[in-house]
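Chemist: Pasting a predicted model and its sequence here:
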Amino acid sequence: MRDILRATDITGLSDQDIPPPFREVVERGWSVTAAGGRVLAGLRSAVTGGPCLDRLAEEATVNGRGMTDYDLPSAPRERTPLLLRRCLAYVCACLREAREEFGDTQVKAYFSLSFADTDEGLLTSNVTFCTPLPDVRPYIPGLEDVTDAAVAEVSAEDCSVWL
């Protein structure tokens, strides 16, 4: 992911880089679940099913989504920077809102770029947010060792450098 970030122009990153449905999620802000999970209010009602194993799982389940990419070119050279800009703009907007809502920078974003296991093999991306907890294993154990995708953990502090 470091190489991809270095090779991508992210100057001028703004909310305009975020697809409209994700902009709506940002605008709805954050809420807290009964278990204390920090979740995006606009995604909370979309999750069905029973209770999660722990707070980290609850946050990742509610907050995780594939980034809109149906309107992007299919060639990786053209697609990668556009998809990355969308993810980073969304991540930074959500982390900014989390910092304002919770008064801290504990929420982290995780996003990945990988090729879909389909005939087209298009580059796709997933984004989620969760709060690392001392008594729960990390959302992505061995983040630096992931080899089947480009993965990043992003904090609000990281976003202040990019914006």
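Modeler: Done, it's in.
Chemist: where does residue 151 land in three-state SS?
Modeler: strand (DSSP: H, G, I helix; E, B strand; the rest coil).
Chemist: Can you pull out the low-pLDDT segments for this structure?
Modeler: 46-52, 162-163 (pLDDT under 70).
Chemist: Identify the residue spatially nearest to residue 23, adjacent ones excluded.
Modeler: residue 15 (6.2 Å; Cβ to Cβ, 6 or more residues apart in numbering). C-betas here are computed from N, CA, C, even on glycine.
Chemist: State the three-state secondary structure for the residue nearest to the spatial centre of the chain.
Modeler: For the chain, the residue sitting closest to the mean C-alpha position, by Cα atoms, centre = their mean, is residue 127 at 2.7 Å. With three-state DSSP as the basis, residue 127 sits in strand.
Chemist: ok, so what distance separates the closest residue to it other than its chain neighbours from residue 32?
Modeler: Closest residue to residue 127 apart from its sequence neighbours, by Cβ to Cβ, 6+ apart: residue 111 at 4.4 Å. Residue 111 is 23 Å from residue 32, where distance means Cβ to Cβ, to the nearest Å.
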